[in-house]
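K.L.:
Give me the fold of what follows.
(chains A and B)
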Amino acid sequence: MSITPNQTPATIPPMAVGPAVPVAPQRSARSEERFFLLLSIFIGIYAGLAVVCFRLAIEWTRTFSLGMSLAVNGPRIILAPAIAGLIVAFLVMKVFPAVRGSGVNQTKSALYISNGYIPLRTAIGKFICCALAIGAGHSLGPEDPSLQIGATLASALGRRLRLSREKTRLIAPIGAAAGLAAAFNAPISAVLFVIEEVVGRWSAGILGSIVLAAVSSVVVARFFLGAEPMFRIPTASIISTEELLAYALLGVAGGIAALIFAKLIGWLRPILKALPRWTQYFQPAIAGALIGTIGYFGFPQIMGAGYDYMDQAMHNQFTWKMLLALALLKIIATTLSFTSGTPGGMFAPALFVGAMLGAATGGVERIVLPHLSGSVGTYALVGMGVLFAAFLRAPLTSVFMVLEVSGNYSIIIPVILANTLAYLISRSMQPTPIFEVLTRQDGLELPSMEEQREADVLRVEDAMRAYAGPTLESDELADIAGERAASSPEPVLLVRNRVGRTWGSVRRDMLRAAPPHSLLAEILPAEPLPVLFPDIALETAIRKVHGHELIPVINRADPSKLEGVLTLDQVLRAFSNAQEGRFE
Amino acid sequence: MSESKSIPTTPWWRNDAVIFAALVAVAAIAFAATYGITRSYQRRQDALARRWYQRGQADLDTGNAKAAVGDFRTALLFAPDRQEYRLRLAQALAADNDIPQAIAYFLNLWEQQPGSGPINLELARLYARDRQSRQAAHYFNNAIYGIWPDDAVARRRQARIEYIKFLLSQQQTTQAQAEAISLAGAIPPGDEDGELQAADLLFATGDFDHALTAYDSLLTVDPARAGVGAAKAAFQLGYFRTAAERLRTAIEHGADDPAAKNMLSRAETVLGLDPSQRHLSNAERAKRVSTAYVQAGTRLQECADQKQIELKAIPPTSDLQLLYSDWSRNSSQLSQLARDPDTRDFIMDLAFRIEAATTAECGPSASANDWALQMLSRYGEGVER
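P.N.:
As a prediction, the model looks like this:
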C-alpha cells in the first residue's frame, strides 16, 4: 500500500520527521558502554513502573466500564466497548496519531528508520488509549503496548542523556524488552523476543543491556503486582509417547488457525483503512459494539485480554465445543478490534486462541482416547506456544515462553513438536509474517528478521577461484622467483613465509625490477597479507579484500596450504550472481 | 590563561554522577507514586474481593453452590492471590458436584502447598467420589502425614478414619486393618472416644482380636457400649462365653440394643448345647448330646421333606440318605452316652455332619439350635473362651 500525501500512515510522521538525534558523544566509547549498562537498569525500573500503572489502569477501566462482577450482563456489555471505541478513535485521530498500529513495528522503525526516536507522546497515547480499549472489552492485549511504552521511555531517556547515535538507536529495543518482560512477567521470553524479532542479532553489548533492563523491570513489576505467574499452571505431564500424535495434531490445527488469523487481519485492515477518513472515527466503536454483541450472546470470555479465561481453560472448565467456539470468536473479535485501528496488542489474543485450541484438542482426545490423554492444561499450555510460534512467527521465543510460564521442562518435547509443525505450516502458507504484512501495508520496508534468518549466506568458497601461479617462498631469490613466475598468468604472485606462517604478494614486474641476489623477503611489504578461510561470510571477507589485489584463502587445519584466492571483483560478482539467483 | 579557556569543559549537570543521582531521584519519586497508586488500588480491590467472598460464603451456607462458584470467582478476580478464596471456590465447585473442576482447583492449590493436610484431604475425597481409588489413596496418605494448621492430631486421626472407611468401601480389608491398627496405636491415653472409635473401626475391618482387646480396655469407662462392642467381637471369634458375659454386663449397664439381647440369647443357646463344658456331670453331658442328636434328626427330616427325598430308601444313595442311615443306626447308642465319652464324641460328630450337609443342601436353618450346633462344630472348645 503506497502512502499518499493525504493518507499518511499514523506510524510514520512523528518518527520520520522527529528531531535529529544528538550525535556528539559526551563520553569515550568504553565509558559509554559502562554508562549504557547502568542506564539499562534504570530503563528497566522506569518501564516496570509504567507497566504496573498501565495494568492498574486497564483493571480500573474494566471495573468502571463493565462492572464489578465477572459475569457482565445487560446492554452495558455492548455499550462499554462501543463508547470506549468512540473515545479512543477521537484520541487517535486528533491527539495521538502515532499510537495506531503494532508497537513491535514502531519500535523496529525507531531502530531502523528514525535513529531510535520515538516521541514521548506515543507512550502517553498508548497508555491512555489501550487502557480504555482493553479495559472496556476490546479484544486486544496489553503486552504490545507495554513493549512500546518501555521503548518510548527508553528513547526519551536516551535523547535526554545525549547518547551516541548507535546507543540511541539501540536504546528503544532495550526499553521494549523491559516493557514486554514486565507485562509477561517473563524476562527470558521478553529478551528472546526482542532479540529474535526486533534487533535481529546477538552481541554481548546489546544482550547485556537487554537482560539487565528486562530483569529489573520484572523485579519492579513483581514487587507491585506480586510474584504469582500469569497463569496458575496445572500439573503438566505426558502420559505416553503416543500422546505426541495429539500434540502433532494440535500443531497442525494451530498452524491453520494462525494462518486464518493472519490472513483475516491482512485482508480486512487495508479495506477498512481505505474507507473515507471520517469513518475512522466510528470504526473502533462499531468493532466494540460487535464484540460486545458476541459477549452479550453468551461469549463474554472473548472480551479484553482474556487471561482469566485462559486460566479457566487450562483448568478444564469449558467443554471442547465451547473452547473451539471461543477460539474462533476470539480470532474474529481481535481482527475487528485491531483492523478498526483500536490500539492494542495481539500477543494476548494469540495466546488466548492457542490456549482454547489446545484445551479443545485435549478435551477431544479425552473423549476419543481416554487412556492416552494427560492434563487438558498441558494442551492449553502447548497451544499457547503453538499460536505464538505460528502467528507471531517467533519460534524460539514460543518454546521458551511456554517453559518459562509453566516452569515445567517435562513438556519440552510436545512444545517443540507442536510449535515446529505450526510454524512450518504457517510459514509455507503465508511466507510474509504478520508484522511484515502490517509494515508493508503502512508503506514501510523494515527488515524482516525471519527473512534475515532464512537468507542464504554467501561465503568465501562461493566466490574464490583457484590460484594459477606458482607459490613463491619468502626465502627464495627474487631473480629465480622471477624465472618461475615468467610464464604465470597471474599478474600478482603469492609469497609464503614458512617461518612466520604468513603470506605476502608481489607483482611480477617487481620481481624483474628487484636487485640481483636479493631475497623475496627483502622486497615484500612489511605488513603481511590478511588471509581468509573458505567458510567465512563474504560480508566479513569484503572488509579484508578491500585495498588488496588478491587475498589467499587457506586451509584452517594447515595454514600453509592454499585453497584459492579472492579478489574484490570476485566478491562483487558473487553478490551480483546471488542477486540474480545464480551461483557459479 | 588563554590556553585554559580553550579546553572544552563538560557542564556539571552532565557529569555521570549527577546524571545517576538524578536518575535515582526520579526512580524514587516514580516508585513512591506507583506505590501510593497500587496501595490505593489494592485496598479497593481487597474490599471488593471481601464483599464477593462474603456473598459466596452466604450462598454456600444456604446450599446455593452454583451462585457461590460465581461469587468466589469474582472475588478471585479482585484478589487472585488469596489462597483461602481459591480453597472456597474449589469447595464450592465440589459442593456443586463439579468434580473435575474442583479437582483441577485443588490440584492447583496442592502444587503450591503439597504438604497441606486439608488440601490433600479434599483431593482424596474428590477422587474417592470420582472413583479414582489409586489417586484417592495417595491423597489420603498425604493428608494423614500432612501439615494441619490446628489440632493436627485430631485432624490426622479424622483423615485416617476417612481413609479406612474408603478402603472398606473398596473392599481393601487388609490395608484397612493395617490402617486401623495404626490408628488405634496413635491414640493418646485417656482419649476414650478416640479409643472407642478405633475399636469400632478394628471391628469393621474384621480385626476382631484387636477389636476385643480394645473394647475390653474400655469396659470400665463405658461398660454399655464397650460391652456390646466386645461381645460382638467375641461373638465373631466364636468366644461365646466371653460374648455372653460382656453382653450381660452391658445390659446391666443400660445397653438396650435388641441385637445385643438376641446375641445373648444365641450365645446362651450355644453354651447350653455344648457337652464339653467343664464341671458338667456325665448325665448332663449325655442329655446335651442327646438333644443334639434329636435336633440333627429333625433337621435332616425337614431338609429331606423340603427336597422331597425319601430318607428310608434302600439302598441309600444320596448324602442325606446315607446320613439318615447313620443317624437311625446309632439311636441304640444313646443309652451309653452317660458312660462312654467316645460315644458322645461320635454322636456329636454325626450331628455336626448332618448340620453341615443339610445347610449345604437346603440352606441355613432358622432354628437357633441348628445354628448353635454349627457354631460348636466350627469353634469347638473355643466357645468356652
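K.L.:
buried sites along stretch B:217-225?
P.N.:
By 16 or more other CB atoms under 10 Å in any protein chain shown, the buried positions in stretch B:217-225 come out as B:218-219, B:222-225. In this view, the C-beta of every residue, glycine as well, is placed from N, C-alpha and C.
K.L.:
Stretch A:90-110 now?
P.N.:
Buried residues in stretch A:90-110, counted by 16+ other CB under 10 Å: A:91-93, A:96-110.
K.L.:
For the residue nearest to residue A:510 when sequence neighbours are not counted, give its distance to residue A:509.
P.N.:
What sits nearest to residue A:510 in space, not counting adjacent residues and going by CB to CB, 6 or more residues apart in numbering or on different chains, is residue A:523, at 6.3 Å. To residue A:509, residue A:523 is 12 Å away according to CB to CB, to the nearest Å.
K.L.:
So which of those two has more stuff around it?
P.N.:
Counted by other CB atoms under 10 Å in any protein chain shown, residue A:523 and residue A:509 do not tie: residue A:523 has more neighbours, with 18 against 10.
K.L.:
Touching, that one and residue A:505? I think so.
P.N.:
No - between residue A:523 and residue A:505 there is no contact under CB atoms under 8 Å: 11.3 Å.
K.L.:
burial count for residue 273?
P.N.:
Went with chain A since none was named. 21.
K.L.:
should've been chain B
P.N.:
Residues lying near residue B:273 (other CB under 10 Å) number 22.
K.L.:
Repeat that for the one 4 residues further on.
P.N.:
Here the neighbour count serves as a burial measure; for residue B:277 (other CB under 10 Å) it reads 16.
K.L.:
do the same with residue A:288
P.N.:
Residues near residue A:288, counting by other CB under 10 Å, number 32.
K.L.:
give me the low-pLDDT residue ranges for the chain?
P.N.:
Let's take chain A. Flagging of chain A using pLDDT under 70 yields the residue ranges A:1-32, A:70-72, A:201-205, A:229, A:232, A:234-239, A:370-374, A:447-455, A:500, A:581-584.
K.L.:
You answered for a different chain; I wanted chain B.
P.N.:
B:1-10, B:12-14, B:382-384.
K.L.:
can you list the domain ranges for it.
P.N.:
In the domain annotation for chain B, the residue ranges read B:38-273, B:282-384 (automatic domain parsing).
K.L.:
List the contacts of the closest residue to residue B:336 other than its chain neighbours.
P.N.:
Of all residues not flanking residue B:336 in the chain, residue B:343 sits nearest, at 4.9 Å (CB to CB, 6+ apart). By CB atoms under 8 Å, 6 or more residues apart in numbering or on different chains, residue B:343 lies in contact with B:333, B:336-337.
K.L.:
quick one: which of the buried residues of stretch A:90-110 sit in helices?
P.N.:
Of the buried residues of stretch A:90-110, the ones assigned to helices by DSSP state H are A:103-110.
K.L.:
Then residue A:490 would be within a helix, right?
P.N.:
No - according to DSSP: H, G, I helix; E, B strand; the rest coil, the state of residue A:490 is coil, so it is not within a helix.
K.L.:
pretty sure it is touching residue A:471, no?
P.N.:
No - the pair residue A:490 / residue A:471 is not scored as a contact, 10.4 Å apart, by CB under 8 Å.
K.L.:
quick one on the thing from earlier: adding secondary structure and distance to residue A:403, write the buried residues of stretch B:217-225 out as a markdown table.
P.N.:
Supplementary listing: those in a markdown table, determined by DSSP: H, G, I helix; E, B strand; the rest coil; distance: CB to CB, whole Å:
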| residue | secondary structure | distance to residue A:403 |
| --- | --- | --- |
| B:218 | coil | 59 |
| B:219 | coil | 64 |
| B:222 | coil | 61 |
| B:223 | helix | 66 |
| B:224 | helix | 65 |
| B:225 | helix | 60 |
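K.L.:
Name the nearest of those relative to residue A:547.
P.N.:
Distances from residue A:547 to the buried residues of stretch B:217-225, taken as CB to CB, are shortest for residue B:218 (105.5 Å).
K.L.:
Now the closest one: phi and psi?
P.N.:
Dihedral angles of residue B:218 (phi, psi; degrees, to the nearest 10) stand at phi -110, psi 10.
K.L.:
which helix of chain A spans the most residues?
P.N.:
Assignment by DSSP H gives helix A:29-66 as the longest helix of chain A.
K.L.:
Quick check: buried residues in that helix?
P.N.:
If you call a residue buried by 16+ other CB under 10 Å, then helix A:29-66 has these buried ones: A:32, A:35-36, A:39-63, A:65-66.
K.L.:
all strands of chain A, in order?
P.N.:
Remark: strands assigned in chain A by DSSP state E are A:472-473, A:492-497, A:502-507, A:551-554, A:562-566.
K.L.:
about what we covered before: report the secondary structure element holding the residue nearest to residue B:336.
P.N.:
In the assignment (DSSP states H and E), residue B:343 maps to helix B:341-362.
K.L.:
Between helix B:341-362 and the next helix-or-strand element following that helix, find me the angle.
P.N.:
Next helix or strand after helix B:341-362 toward the C-terminus (DSSP H and E): helix B:368-379. Counting by axes from the mean of the first three to the mean of the last three CA atoms, to 10 degrees, helix B:368-379 lies at 110 degrees to helix B:341-362.
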